[in-house]
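S.K.: Fold the following and give me the result.
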Amino acid sequence: MGFVGAILALISTVAPASAAYKVQQGDTIEITVVGIPELSQRNTVQPDGAIALPLVGALSVEGLTPSELREKVQSQFEQKIYRLRASDGHEILTVIRPEEVSAAIVGYRPIYVTGDVAKQGQQTFLPAMTVRQALALAGGFDFQGREQGTVKDLPTLRIDYELALSDIASATVQTARLNAELNGRTEFGPIDFSDTPLSRDRLTEIQKSEAAILQAQMDDYQRQHDFFNSAMGQADERISVVAQQKNEEEAGNSADTTELHRLLDLLSKGQETSLRVTEARRALLLSSTRTLQANVELLELKRQKSDLARQAQHFEDQRRIDLLKALQEAAAAQAAAKIKAQKLALELNSSRRLDSLLDLAANVEHNIEVVRQEGGQAALTVDEDFVLMPGDVINVTLRPPLLTSTTENP
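M.R.: You can find the predicted model right below:
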């Protein structure tokens, strides 16, 4: 009888939620007071097992059945006086009666599905929910976490593998294109695709795309290079013209200086008038001003040419830096794509093997366990018609027939 009693006790702990459910942390409680909408609200049971109610304060509700919850909330509101404001602005004192107060559980803690299902994770709990319904929401049985981690379906793996191979080929051709740019070539030579088993059409498409980029980049570089060369040539021409003008102005200034000295000498001997000396001085001042302006203009043109030379050098240096960075990124992308392709190849082989195992049997054996926290954590082996409770964790394990037979006959 002791053994039978223990079995009956275990069954009682997994009774349907609708029959013996008790309020737990995370449940949502709805309080309604007839005629006083201000007091109606929804509360989530906090980690301390309490909810906050107006006119009452914190109220412990954890562990109560729905009827006990309703009675406790009604007793807390009983004979409470509430100042109800009428439509005309006057206040009316209202005494709350128990029958005017209702309390109900309107939201439950979620359940969780793990293991060999298509979609693991959290699900919303509904009263009288069964394992079968939870598995349907999780997408049904599916192998997960076998050997190489989550095993995808074959079509998805094939697509991912093809994309990884395309990434390898793209990074390889991009590397060749960047090296060609660094060396000033408009074409890249033959590329080794021995480790990239893609179709010839796909490889040709990738090469054409990168070749078009190379041509566009080199054309743009040539335009920039020609622009700087043209600007430098124009600067040299302007400097040459202004330098010649400066020499002419200096020669004129020297002549005006000589003429002024001659006239001053004649003026001192009484052989020349002061008017001629004044005119000579004016001419010397004008030629000196033109000489100074020519010097200033020449210095400015030389400064502009120096700035232009620095810009051209900066353009070349920055272009080289950008190309080297892009080359480094392409090498990293190529390495990452190779690692991804290797991983996908392993997953693809694993998925093919599992699909072959499943093809050998019409029905796959499965084990369903429900872990329940209420009343002490317990792991229960159940069937698909088992009725769940909030917070339950469902763990599904599939056992392919071939794997089972291998275990039994090593």
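S.K.: mind listing what residue 382 touches?
M.R.: Listed by CB atoms under 8 Å, 6 or more residues apart in numbering, the contact set of residue 382 reads 14, 131, 368, 369, 370. To be clear about C-beta, it is placed using only N, CA and C from the backbone, and glycine gets the same treatment.
S.K.: how about low-confidence regions in the stretch 301-410 of the chain?
M.R.: Across the stretch 301-410 of the chain, the stretches falling below the confidence threshold (pLDDT under 70) are 351-364, 374-377, 399-410.
S.K.: in it, which spans are helices?
M.R.: Assigned by DSSP state H, counting those that start in this stretch, the stretch 301-410 of the chain shows helices spanning 401-408.
S.K.: Tell me which two in the contacts of residue 382 are the farthest apart.
M.R.: Between all members of these, the longest pairwise span (CB to CB) is found for 14 and 368 and amounts to 13.0 Å.
S.K.: Overlap in contacts, those two.
M.R.: Between them, residue 14 and residue 368 share the neighbouring residues 382, 386, with contact defined by CB under 8 Å, 6+ apart.
S.K.: now the strands: where do they sit in this protein?
M.R.: Under the criterion DSSP state E, strands of the chain are mapped to 28-33, 41-44, 50-53, 57-60, 81-85, 91-95, 101-107, 111-115, 121-123, 365-372, 378-382, 393-399.
S.K.: Can you add distance to residue 313 and give those strands back as CSV?
M.R.: Written out in CSV, the entries for the strands of the chain read as follows (distance: least, CB to CB, whole Å):
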stretch, distance to residue 313
strand 28-33, 69
strand 41-44, 67
strand 50-53, 71
strand 57-60, 74
strand 81-85, 80
strand 91-95, 84
strand 101-107, 69
strand 111-115, 62
strand 121-123, 58
strand 365-372, 70
strand 378-382, 73
strand 393-399, 67
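S.K.: Quick one: residues contacting the nearest residue to residue 184 once chain neighbours are set aside.
M.R.: Residue nearest to residue 184 in three dimensions, not counting chain neighbours: residue 218, with 7.9 Å by CB to CB, 6 or more residues apart in numbering. For residue 218, the contacting residues are 181, 184, 186, taking CB under 8 Å, 6+ apart as the criterion.
S.K.: Poorly predicted segments of the stretch 1-150 of the chain, please.
M.R.: Using pLDDT under 70, the flagged stretches of the stretch 1-150 of the chain are 1-20, 86, 89, 143-150.
S.K.: burial count for residue 91?
M.R.: Residue neighbour count, defined by other CB atoms under 10 Å, stands at 10 for residue 91.
S.K.: Now do the same contact list for residue 63.
M.R.: Contacts of residue 63 (CB under 8 Å, 6+ apart): 22, 23, 24, 49.
S.K.: Pull the distance from stretch 243-263 to the chain's centre.
M.R.: Distance of stretch 243-263 from its chain centroid, counting by CA atoms, centre = their mean, to the nearest Å, is 73 Å.
S.K.: Next: stretch 166-185.
M.R.: Its chain's average C-alpha position is 27 Å from that of stretch 166-185, according to CA atoms, centre = their mean.
S.K.: Check stretch 274-283 too.
M.R.: Computed by CA atoms, centre = their mean, the chain-centroid distance of stretch 274-283 equals 82 Å.
S.K.: Alpha carbons only: can I get it in PDB?
M.R.: As requested, the backbone C-alpha atoms of stretch 274-283 are provided in PDB (Å, rounded to 0.1, in the frame of the first residue of the first chain):
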ATOM      1  CA  SER A 274      62.300 120.000 -59.200                       C
ATOM      2  CA  LEU A 275      59.200 119.100 -61.200                       C
ATOM      3  CA  ARG A 276      61.200 116.500 -63.200                       C
ATOM      4  CA  VAL A 277      62.600 115.100 -59.900                       C
ATOM      5  CA  THR A 278      59.100 114.800 -58.500                       C
ATOM      6  CA  GLU A 279      57.900 112.900 -61.600                       C
ATOM      7  CA  ALA A 280      60.900 110.600 -61.300                       C
ATOM      8  CA  ARG A 281      60.200 109.900 -57.700                       C
ATOM      9  CA  ARG A 282      56.500 109.100 -58.600                       C
ATOM     10  CA  ALA A 283      57.600 106.800 -61.300                       C
END
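S.K.: Please identify the buried residues of that stretch?
M.R.: Of the residues in stretch 274-283, those buried by neighbour count under the rule 16 or more other CB atoms under 10 Å are 277, 280, 283.
S.K.: Next: stretch 226-246.
M.R.: For stretch 226-246, using 16+ other CB under 10 Å, the buried residues are 228, 231, 235, 238, 239, 242, 243, 245, 246.
S.K.: Stretch 38-51 now?
M.R.: 39, 43, 45, 49, 50, 51.
S.K.: what's near enough to touch the closest residue to the fourth one other than its chain neighbours?
M.R.: Spelled out, that is residue 49. Nearest in space to residue 49, with sequence neighbours left out and distances taken as CB to CB, 6+ apart, is residue 62 at 3.0 Å. The neighbourhood of residue 62, defined by CB under 8 Å, 6+ apart, consists of 22, 23, 24, 25, 45, 49, 50.
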